[in-house]
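In: Provided below are the primary sequence and the corresponding predicted coordinates.
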Amino acid sequence: MPNPLQGKKNRRGRPGLTPQDHDRILASARMLLAEKGAGGLRVRELAERSGVATGSLYKFYPEIDALIGAVNLETYRELTAHLHAAGALQTRGDPLQALMQLARSYLVFVRDNAALWAVLLDYNRGRTGRAEAFLAAEDALFALVEEALSGLPRLEGRDRPVLARALWASVHGIVVQTLPNSLQPDPAADTLRQIEMIVGAVVRNYG
């Protein structure tokens, strides 16, 4: 991803923000969002944490939404990497186990990054003109589900992307609704049980 800060200089000829400054800004913004949510992201505190002048932050991120969007894209990419790691444990030729492994990995990521995930879900990606970047990040996630679905013999290739998105929406909805609201002793187990009902039905239908 192009670095919006690299190579920038101010009008007085002093060096602009370096890639390292940019990394610190994103890391500090991520910490603040994880601690306080979108409403707690204050420019002055962010500047203090990242060691960058407040004016420099405004220069390169004139709207706070642009910075939140940058953090959210990183969250998407971290989720993709997390699911890729889960893919190494998938049982080849067993779509049910492959899909459930992805679901378990997704649940763990959402549980461990609850505040950041809430910020991402509440974010209006169209506000800063970055909708295409988000769509590309989502396509990378859906591709993992499509790969797991590729082992279903009765699923036509043209239908695989549609089913991947339908399953993603179903799993996402169950995780978001059940994990924080379950009345069962083990909310995670309750969530996975519901997911397996949906995933199992799909595998039986196309298997």
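Out: Arrived safely. This one's a predicted model, so the numbers in the text were calculated from it and none came from an experiment.
In: Give the burial count for residue 196, as a bare number.
Out: For residue 196, the tally of surrounding residues (other C-beta atoms under 10 Å) stands at 15. Bear in mind the C-beta positions are built from the backbone N, C-alpha and C, glycine included.
In: What residues does the nearest residue to residue 72 once chain neighbours are set aside make contact with?
Out: Counting by C-beta to C-beta, 6 or more residues apart in numbering, residue 72 lies nearest to residue 120, which is 4.5 Å off, once chain neighbours are set aside. For residue 120, the set of contacting residues under the criterion of C-beta atoms under 8 Å, 6 or more residues apart in numbering consists of 72, 75-76.
In: ok, now residue 30?
Out: If a contact means C-beta under 8 Å, 6+ apart, then residue 30 has 71, 74-75, 116 as its contacts.
In: does it count as helix, strand or coil?
Out: What DSSP: H, G, I helix; E, B strand; the rest coil gives for residue 30 is helix.
In: Could you check the pLDDT of it?
Out: Confidence per residue is given as pLDDT, and for residue 30 that number is 94.
In: hang on, the earlier thing: hmm, which of the contacts of residue 120 are the buried ones?
Out: Applying 16 or more other C-beta atoms under 10 Å to the contacts of residue 120, the neighbour count classes 72, 75-76 as buried.
In: Just the element for the residue most central in space within the chain, please.
Out: Nearest residue to the geometric centre of the chain (C-alpha atoms, centre = their mean): residue 76, 2.6 Å. Here residue 76, judged by DSSP states H and E, is contained in helix 64-87.
In: same deal with residue 109?
Out: Secondary structure assigned from DSSP H and E places residue 109 in helix 95-112.
In: same deal with residue 118?
Out: Take DSSP H and E as the rule and residue 118 turns out to sit in helix 114-122.
In: do the same with residue 132
Out: Assigned by DSSP H and E, residue 132 belongs to helix 131-149.
In: Return the list of helices and strands in contact with that helix.
Out: Using 3 or more C-beta pairs under 8 Å, 6 or more residues apart in numbering; DSSP states H and E as the contact criterion, the elements in contact with helix 131-149 are helix 64-87, helix 95-112, helix 160-178.
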